[in-house]
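J.: Below are the sequence and a predicted model; questions follow.
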Amino acid sequence: MAAVLEAQGLRKEYDGFVALQGLDLTIEEGEVFCLLGANGAGKTTTIQLFLGFIAPTAGQVRIKGLDVGQHGLETKRHLAYIPENVMLYPNLTGLENLEFFTRLAGRDELGETALRETLVEAGLAKEAADRPVRTYSKGMRQKVGVAMAIAKGASALLLDEPTSGLDPKASNEFSQLLARMRDRGVAILMATHDLFHSKEVGTRVGIMKQGRMVGRHATADLSHADLERIYLEHMHD
Amino acid sequence: MMRTVALVARKEMKELVRDGRFRVAGALVLLLLMTALAFGWQQASTLAAERAAAQHVAEEDWKGQGDKNPHVATHYGKYVFKPVGALAFLDPGADPYLGVTLKLQAHQQNLPQDAAARDQASISRFGQLSAATVLQLFVPLLIIALGFGAFSGERERGTLRQVASTGVRPTQLLAGKALGLAAVLGMLLIPAAVVAAVVTLQADGAHDATGGEVGGRLGMMALAYLVYFGAFAGVTFLISARAPSSRFALVALVGFWSLTSLVVPRIAGDVAVRVVPLPTPAEFTQAVRASLEGGLPGSAPREDRVDEISSAMLDKAGFSGAETLMDESALQGIELQAEAAFEDEVYDHHIGQLMEAMARQERAAQWAALASPLLAIRTVSASLAGTDFAHHRAFQVDAERYRKALVQAMNDDFAQNAGTAGWDYKAGREVWEKAPTFEHQPPGLGWALSEQALGWALLGLWLGLAWAAAAWAAARVRVF
């Protein structure tokens, strides 16, 4: 298995405040690594470092072996990013948004039919594709985000609390989409508060606290109850 | 990569066209522009017809003045009227503030009188809404309204990080946004430009300039406004990329607009008047009168100078020292010519100085375009429309050349034909009809371009600096 997402001794400071202190992390093809932890634990910082939106104070971030700082534009070719709220152009339709971001990512070969199919694959109702995005619910926008990741053919997916605020059904559908991408060999890093779905789709979980990874576990070894217990233990002290 | 730029441009266009802001603001600007074109055209046509009619009447008056001594005729003089340029309806420039009626007569050079702004107080206020005003003041506001959120708004909506996560180059994003903005502005302005061009070239026969000349000037005008709008778009993107929020960007841009479009031009005018003061009309007349009586400063007094000139004239005519051999009226004619030459020296000196001071004042104000792109386009646009001070000067120079020729022709007729009748000699209609007629040929495009080289350079400087800064800012834009 090849390493897709790698962090080595990754450290980020903001004006003396340490957001991340020495993170080491490797995520391979077909792996889903769930970052758990309270708000401010460093989850979002980790994702933004992988995206190259911020520069590390020390350490390295690599995507498919390429350093993010040096090859910012090239590493983004392999990435798809789904934030807590996938933000789209409200006056364009779902299809137009998907088309724009897919072409921007350099995938010109996908025609309109293929793009429509991708939206359906991502769970969006067929007739919604031609409606302006301003009429979409959050769950629908997240689905367009997934469709963008699928259409881009990304080999790594960065998710920042993608299911927060989704109803249980939408949340469940979203996890199934992730599982499908995982099975295609996509490396996934997801920051989340959702322990249940972390256990369901995650291959590993990492618990973060005050910028440090305080525990790592393979989900196969844990029951739902175990994961919850471990998480609360870490949060307690 | 052009592909990405075109992609972003198409997306921007779609968004802008579907945006209510654009439809309302765009419709408003288009309405203003069309109204300004229609009113400007109507006003300019009326003025042109009035002046042409007045010029015709003046010519008829001259021809029908009855029998009189030709030199006396030049005392009564003749009126000429400044023609209205073919493009004055697009940009009246300084025309409303400059004189249009010029009395040409012997012994003195007059300045054009009866500026339109003086007796049309109510009309001219409405007349100030020219196409140039709409293009210079309102289109930049439209650019600001459409572009202030280009980066800041996308950042606030969260789409900027989505875009950034695709690995698009910031400069391509900027180029695409610029192209999209240009395309929607083009949807408004190109039809207006076509209307203006068709109207102008269709009606060409009514004016004095040739079609090629007018076409060239229109083309350069389109280019100048393109550069101007480009500069404004550059500033808009620069501020949108640097501003912490869209609201900040909007306030900053409207501030930039009011400062450079309202405050700086006002201050520049005041400062230029202070730096290069002009004599009041009374002071000017006083100075001319003093020189006419006592000679130019540093030169001989009137009598001596006139004698000098007339002996030089006689020398040239081969009558040196043999004045007695000439008949008296021939001598009278030469005397008159010498006096006229002396007066010309005086007037040429004083008017030349006045013109030069005005040009210096104008240049001083022009440098203020470093702080205001509006000032740069204003001078360039008026120059292309043929309504700036330089074109006015060209009219004055032309008219003065004609005045000299007319006075000379009349004095020559006096010298050649008076014979023994002397001052009792009277010329009639055929002499008046043979006299040269005034036809002002406005200077060409090449001349206008070189006269306004500074304005063009400053306009180009704004474009270059704005885009260099915008590219710099876009490459460093914060995505969240």
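T.: Arrived safely.
J.: Report the secondary structure state of residue 84.
T.: Using chain A here. Judged by DSSP: H, G, I helix; E, B strand; the rest coil, the three-state class of A:E84 is coil.
J.: hm, I was asking about chain B
T.: Taken by three-state DSSP, the conformation at B:V84 corresponds to coil.
J.: got it, and B:R161?
T.: The assignment at B:R161 comes out as helix when based on three-state DSSP.
J.: Identify the residues contacting it.
T.: A:51, A:53, A:81, A:83, A:87, B:155, B:479-480 (Cβ atoms under 8 Å, 6 or more residues apart in numbering or on different chains). Where C-beta positions appear, they are placed from N, C-alpha and C, glycine not excepted.
J.: Tell me where the model's unsure across chain B.
T.: Applying pLDDT under 70 to chain B flags the ranges B:117-127, B:204-211, B:317-330.
J.: Recalculate using a threshold of 50.
T.: B:121-126, B:206, B:322-323 (pLDDT under 50).
J.: Any buried residues in the helix or strand of chain A with the lowest mean pLDDT, and which?
T.: In chain A, no helix or strand scores lower on mean pLDDT, DSSP states H and E than helix A:72-77, which sits at a mean of 87. By neighbour count on 16 or more other Cβ atoms under 10 Å in any protein chain shown, the buried set for helix A:72-77 is A:72, A:75-77.
J.: and what of stretch B:137-155?
T.: Going by 16+ other Cβ under 10 Å, stretch B:137-155 has these buried residues: B:138-155.
J.: Check stretch B:77-97 too.
T.: Within stretch B:77-97, the residues scored as buried using 16+ other Cβ under 10 Å are B:77-96.
J.: In helices only, show me the buried residues of stretch B:137-155.
T.: Here DSSP state H is the test, and those give B:139-147, B:152-155 as lying in helices.
J.: would CSV of the residues you listed with distance to chain A be doable?
T.: Output for those, formatted as CSV (distance: Cβ to the nearest Cβ, whole Å):
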residue, distance to chain A
B:V139, 23
B:P140, 24
B:L141, 22
B:L142, 19
B:I143, 20
B:I144, 20
B:A145, 16
B:L146, 13
B:G147, 16
B:S152, 14
B:G153, 11
B:E154, 9
B:R155, 10
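J.: Looking at those residues, which is nearest B:A182?
T.: Distances from B:A182 to those, taken as Cβ to Cβ, are shortest for B:I143 (9.8 Å).
J.: Now that closest one. Nearest residue, chain neighbours left out?
T.: The spatial neighbour of B:I143 that comes closest, neighbours along the chain excluded (Cβ to Cβ, 6 or more residues apart in numbering or on different chains), is B:F232 at 5.0 Å.
J.: Please pull up the helix or strand immediately following whichever strand or helix holds the one you found.
T.: Using DSSP states H and E, B:F232 sits within helix B:211-242. Using DSSP H and E, the next helix or strand after helix B:211-242 towards the C-terminus is helix B:246-258.
J.: Can you name the residues in contact with that following helix?
T.: With Cβ under 8 Å, 6+ apart as the test, helix B:246-258 has contacts from B:140-141, B:144, B:148-149, B:152-153, B:156, B:235-236, B:239-240, B:243.
J.: out of those residues, who's nearest A:A114?
T.: Closest to A:A114, out of all of the contacts of helix B:246-258 and judged by Cβ to Cβ, is B:G153, at 30.7 Å.
J.: What's the local residue count around the closest residue in space to the closest one that isn't next to it in sequence?
T.: What sits nearest to B:G153 in space, not counting adjacent residues and going by Cβ to Cβ, 6+ apart, is B:S246, at 4.8 Å. By the criterion of other Cβ atoms under 10 Å in any protein chain shown, B:S246 has 19 neighbours.
J.: Contact partners for the residue in the stretch 301-450 of chain B that chain A sits nearest to?
T.: As assessed by Cβ to the nearest Cβ, chain A sits closest to B:P373 within the stretch 301-450 of chain B, at 30.9 Å. By Cβ under 8 Å, 6+ apart, B:P373 lies in contact with B:228, B:231-232, B:260, B:459, B:462.
J.: For the stretch 151-300 of chain B, what lies in contact range of chain A?
T.: B:157-159, B:161-169 (Cβ under 8 Å from any Cβ of the partner chain).
J.: in the helix holding B:F232, what's buried?
T.: B:213-218, B:220-222, B:224-225, B:227-242.
J.: And stretch B:297-314, by the same measure?
T.: Going by 16+ other Cβ under 10 Å, stretch B:297-314 has these buried residues: B:299, B:302, B:305-306, B:309-311, B:313-314.
J.: From those residues, which land in helices?
T.: B:302, B:305-306, B:309-311, B:313-314.
J.: overlap between those and the residues near chain A?
T.: Of those, not one also sits near chain A (Cβ under 8 Å from any Cβ).
J.: So which bits of stretch A:25-35 are buried?
T.: For stretch A:25-35, using 16+ other Cβ under 10 Å, the buried residues are A:25, A:27, A:30-35.
J.: Farthest-apart pair in these, please.
T.: A:G30 and A:L35, at 17.8 Å, using Cβ to Cβ across the buried residues of stretch A:25-35.
J.: quick one, what contacts the one residue in the stretch 1-150 of chain B that gets nearest to chain A?
T.: Nearest to chain A, among the residues of the stretch 1-150 of chain B, is B:R18, at 4.2 Å (Cβ to the nearest Cβ). Shown here is B:R18, whose contacts under the criterion Cβ under 8 Å, 6+ apart are A:91-92, A:132.
J.: again with B:L218
T.: Counting by Cβ under 8 Å, 6+ apart, B:L218 touches B:87, B:196-197, B:200-201.
J.: okay if I get these as CSV plus secondary structure?
T.: As requested, the contacts of B:L218 are exported to CSV (three-state DSSP):
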residue, secondary structure
B:L87, coil
B:A196, helix
B:A197, helix
B:T200, helix
B:L201, helix
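J.: Just the buried ones from those?
T.: Here, 16+ other Cβ under 10 Å leaves B:87, B:196-197, B:200 buried among those.
J.: any idea which of the ones in helices among the buried residues of stretch B:137-155 is closest to A:E6?
T.: For those, the residue nearest A:E6 by Cβ to Cβ is B:R155; the value is 28.9 Å.
J.: That closest one against B:A243, yeah?
T.: No - B:R155 is beyond contact range of B:A243, at 9.3 Å (criterion: Cβ atoms under 8 Å).
J.: State the distance from B:L32 to B:L188.
T.: 11 Å (Cβ to Cβ, to the nearest Å).
J.: The residue nearest the centre of chain A sits in which helix or strand?
T.: With distances taken as Cα atoms, centre = their mean, A:L159 lies nearest the centre of chain A, 1.7 Å away. Using DSSP H and E, A:L159 maps to strand A:156-160.
J.: Could you list the residues of chain A in contact with chain B?
T.: So chain A meets chain B at A:51, A:53, A:72-77, A:79-81, A:83, A:85-92, A:96, A:100-101, A:103-106, A:108, A:132, A:152 (Cβ under 8 Å from any Cβ).
J.: swap the cut-off to 6 Å and go again
T.: Residues of chain A that fall close to chain B, judged by Cβ under 6 Å from any Cβ of the partner chain: A:51, A:53, A:73, A:76-77, A:81, A:87, A:89, A:91, A:100, A:103-105.
J.: what's the lowest-pLDDT member of the residues you listed?
T.: Minimum pLDDT for the residues of chain A next to chain B is recorded at A:L73 (84).
J.: give me every residue that touches that residue.
T.: Taking Cβ atoms under 6 Å, 6 or more residues apart in numbering or on different chains as the criterion, A:L73 is in contact with B:G167.
J.: again, but for B:K78
T.: Here B:K78 is in contact with B:62, B:104 (criterion: Cβ under 6 Å, 6+ apart).
J.: what sits opposite it in the beta ladder?
T.: Beta-bridge partners recorded for B:K78 (DSSP bridges): B:L104.
J.: Would you mind measuring from the residue in the stretch 201-350 of chain B that chain A sits nearest to to A:R212?
T.: Using Cβ to the nearest Cβ, the closest approach of the stretch 201-350 of chain B to chain A is made by B:S246 at 14.5 Å. According to Cβ to Cβ, B:S246 stands 37 Å off from A:R212.
J.: mind listing the strands in chain A by residue range?
T.: A:3-14, A:17-28, A:32-36, A:58-63, A:66-67, A:79-82, A:156-160, A:187-191, A:204-209, A:212-218 (DSSP state E).
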